[in-house]
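*Asks:* Predicted coordinates and the sequence they were generated for:
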Amino acid sequence: MFQKISSYISAMALALTLAACAAPGGQPGEMEIRTGVIEQITPVQIGTNHHSGVGAVVGGLAGLGIGSLIGAGTGRDVAMVLGTVGGAFAGNEVQKKYDRPVMGQQIIVRTTSGVLVSVTQPTNPNLNQGQRVYIEGSGEDARVVVR
């Protein structure tokens, strides 16, 4: 009975993990490109976009699956609990390595229409104040690139 439940939980976790990794939307649409001149560049730190707790959940589920392969009866139950706890701890530690902020830059660009646009992106040493640039995309996906 317990093995059947753990199999269902493992299958559900795998399905949720795969669904979370899927790209949103369908095919990419047209990209908006604007032109302008860099008015200001300010160094900033950019937080990660990793979801907190995912490492612990995935590690715990992996530990549960591995623990279910060990022993029988009460020994198997203990192995599953220890595997879940150990896997969750290990998964959380691995995720911490990827949660460090990265250096970036906030770039203020005056477009040819006179509008100021602010874009925060990873550091690009090829960008300088007064330089003519393209702004590709919009919203959080916007990037400033050399013209």
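*Replies:* Good, I have the coordinates. For clarity, every value in this text was computed on a predicted model and none was experimentally measured.
*Asks:* tell me which element the nearest residue to Q95 once chain neighbours are set aside falls in.
*Replies:* Among residues not flanking Q95 along the chain, G55 sits closest, at 2.9 Å (Cβ to Cβ, 6 or more residues apart in numbering). The way it works is simple: take the backbone N, C-alpha and C, and place the C-beta from them, glycine included. Under the criterion of DSSP states H and E, G55 resides in helix 54-67.
*Asks:* With Q106 instead?
*Replies:* strand 102-111.
*Asks:* May I have the next helix or strand after that strand as PDB, with CA atoms only?
*Replies:* As assigned by DSSP H and E, the chain's next helix or strand after strand 102-111 is strand 116-122. What follows is strand 116-122, C-alpha atoms only, in PDB (Å, rounded to 0.1, in the frame of the first residue of the first chain):
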ATOM      1  CA  LEU A 116      13.600  57.500 -21.600                       C
ATOM      2  CA  VAL A 117      13.800  53.700 -21.200                       C
ATOM      3  CA  SER A 118      15.500  51.900 -18.300                       C
ATOM      4  CA  VAL A 119      16.800  48.400 -18.800                       C
ATOM      5  CA  THR A 120      18.600  46.200 -16.200                       C
ATOM      6  CA  GLN A 121      20.700  43.400 -17.600                       C
ATOM      7  CA  PRO A 122      23.900  41.500 -17.000                       C
END
